[in-house]
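Colleague: Structure of the sequence below:
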Amino acid sequence: MGHSKSAAHAQSAVAGKGDLPSADALAAIRAWAQGMSARDSVHRYLGRVKSDGQSSRALLNATRQQLVDAAVRRRRPDLQAVFEGTQRGSVASQDLPLNLAEAVDDLVASPVPSPRLIDDVAMWFSARTAAALHAQKIRTLGELTVRVPRRKMWWVDIEGLGARGARKVTAFFAEHPALTEHARALIGPEVRSEIQPWERLRLPSEFDGSAGRFRASLVSCALNAQNDYEAVSAWLERHEGAATQRAYRKEAERLLLWAIVERGKPMSSLAAEDATAYRGFLKRPTPHMRWVGPSRSRSSPEWRPFAGGLSARSA
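Modeller: Here you go, the predicted model:
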């Protein structure tokens with residue numbers, strides 16, 4: 001408990017505007033990187049915020065962790081590697097990478113990109129909040145928009161999140177309304193209308209597969225399809241029988257929706273591990289409210305892709 005409070009105090013002492021450390025904290029870590037001792041660099045630049053008995057190294061490590069998090073958020077793995085490499089044990093300051101100070105300047109000059117539906121929640125929320133969401137298999141911002149119901153007290157079933165963490169999640173989406181707008185291209189405003197049938201899908205660019213991990217170059221492709229939807233549509237058109245088209249569309253529809261809603265990725269980015277998970281999903285589609293329902297017209301808001309789980313043979 002004492003260590004947790006100390007770490008929290010260190011974080012608050014070096015916090016600046018936005019997600020970057022304060023100017024004084026940045027100056028302290030630059031001085032430390034250039035050879036000044038942890039004690040002297042903190043005394044010179046952070047003496048006003050350092051409490052009695054607080055470790056100088058803890059303040060510098062708190063600054064370092066903020067730099068790591070900021071680099072992840074800016075999608076700068078090169079800078080992230082530099083900051084992670086500065087974690088101090090008994091390493092002397094002269095052994096630190098020579099480009100640490102330059103990396104700090106580079107990070108400060110790097111703009112924060114807009115969040116994307118495919119971003120891991122750990123890029124935008126605290127470690128505690130991200131861990132609570134990950135435990136519920138909510139890994140991406142896209143999954144968060146579709147997995148969290150639009151109702152009061154939505155967070156009570158997410159162990160470890162709490163009201164404070166939930167408020168930060170809500171404030172984040174309020175600050176970035178475009179995320180919700182993109183998600184609404186796939187999901188409706190209510191939990192019961194999250195899933196749309198094939199002919200009504202309008203996929204955000206993050207999920208349409210135009211940049212899918214396994215998509216071949218158009219130069220070497222026999223199809224003119226620009227995205228997953230067009231590719232599957234072309235495949236369906238090869239089958240002339242109406243009954244065959246309907247049957248194949250049903251399976252393609254299920255897979256495409258599952259990839260986006262449950263895995264947070266385009267269909268053309270699915271890997272072998274996803275295929276294994278999908279096989280289990282077909283036997284027991286969950287959450288039940290989202291995926292399973294009685295037979296309804298495809299134009300009905302109560303339409304669902306499944307009437308129940310599939311047998312092993314059908315799966």
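
Colleague: so where is the stretch 151-300 of the chain shaky, pLDDT-wise?
Modeller: In the predicted model, the stretch 151-300 of the chain carries pLDDT under 70 at residues 151-152, 182-194.

Colleague: quick one: the residue lying closest to residue 274 once chain neighbours are set aside from residue 30, how far?
Modeller: Residue nearest to residue 274 in three dimensions, not counting chain neighbours: residue 263, with 5.8 Å by C-beta to C-beta, 6 or more residues apart in numbering. (Glycine included, C-beta is placed from N, CA and C.) Taking C-beta to C-beta, to the nearest Å as the measure, residue 263 falls 41 Å from residue 30.

Colleague: Those two: who's more crowded?
Modeller: Legend: neighbour count by other C-beta atoms under 10 Å for residue 263 and residue 30, higher for residue 263 (22 against 17).

Colleague: what's residue 254 in contact with, if anything?
Modeller: Residues counted as contacts of residue 254 (C-beta atoms under 8 Å, 6 or more residues apart in numbering) are 282, 305, 306.

Colleague: What number of neighbouring residues does the nearest residue to residue 195 once chain neighbours are set aside come out with?
Modeller: With C-beta to C-beta, 6+ apart as the criterion, residue 195 has its nearest non-adjacent residue at 5.7 Å, and that residue is residue 257. Residue crowding around residue 257 was assessed by other C-beta under 10 Å; the count is 21.

Colleague: where's residue 257, which helix or strand?
Modeller: Residue 257 is part of helix 242-261, with elements assigned from DSSP states H and E.

Colleague: What of residue 80?
Modeller: Using DSSP H and E, the element containing residue 80 is helix 77-84.

Colleague: Give me the helices and strands touching that helix, please.
Modeller: For helix 77-84, the elements it packs on are helix 56-73, helix 100-109, judged by 3 or more C-beta pairs under 8 Å, 6 or more residues apart in numbering; DSSP states H and E.

Colleague: Need the contact partners of that helix.
Modeller: With C-beta under 8 Å, 6+ apart as the contact definition, helix 77-84 has outside contacts at 64, 67, 68, 71, 72, 97, 99, 100, 103, 106, 107, 110.

Colleague: could the residues you listed go into a markdown table alongside pLDDT and distance to residue 314?
Modeller: As requested, the contacts of helix 77-84 are exported to a markdown table (pLDDT from 0 to 100; distance: C-beta to C-beta, whole Å):
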| residue | pLDDT | distance to residue 314 |
| --- | --- | --- |
| 64 | 88 | 53 |
| 67 | 89 | 51 |
| 68 | 87 | 47 |
| 71 | 86 | 47 |
| 72 | 82 | 42 |
| 97 | 43 | 56 |
| 99 | 73 | 57 |
| 100 | 81 | 57 |
| 103 | 87 | 54 |
| 106 | 89 | 54 |
| 107 | 89 | 52 |
| 110 | 88 | 50 |
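
Colleague: In the residues you listed, which residue is surrounded by the most others?
Modeller: Neighbour counts for those (other C-beta under 10 Å) peak at residue 67, which has 27 neighbours.

Colleague: Contact partners for it?
Modeller: 20, 21, 29, 79, 83, 104, 107.

Colleague: Can you report how many residues lie near the closest residue to the third one other than its chain neighbours?
Modeller: Here the nearest residue to residue 29 in space, its sequence neighbours aside, is residue 63; by C-beta to C-beta, 6+ apart that works out to 4.9 Å. The criterion is other C-beta under 10 Å. On that basis, residue 63 has 30 neighbouring residues.
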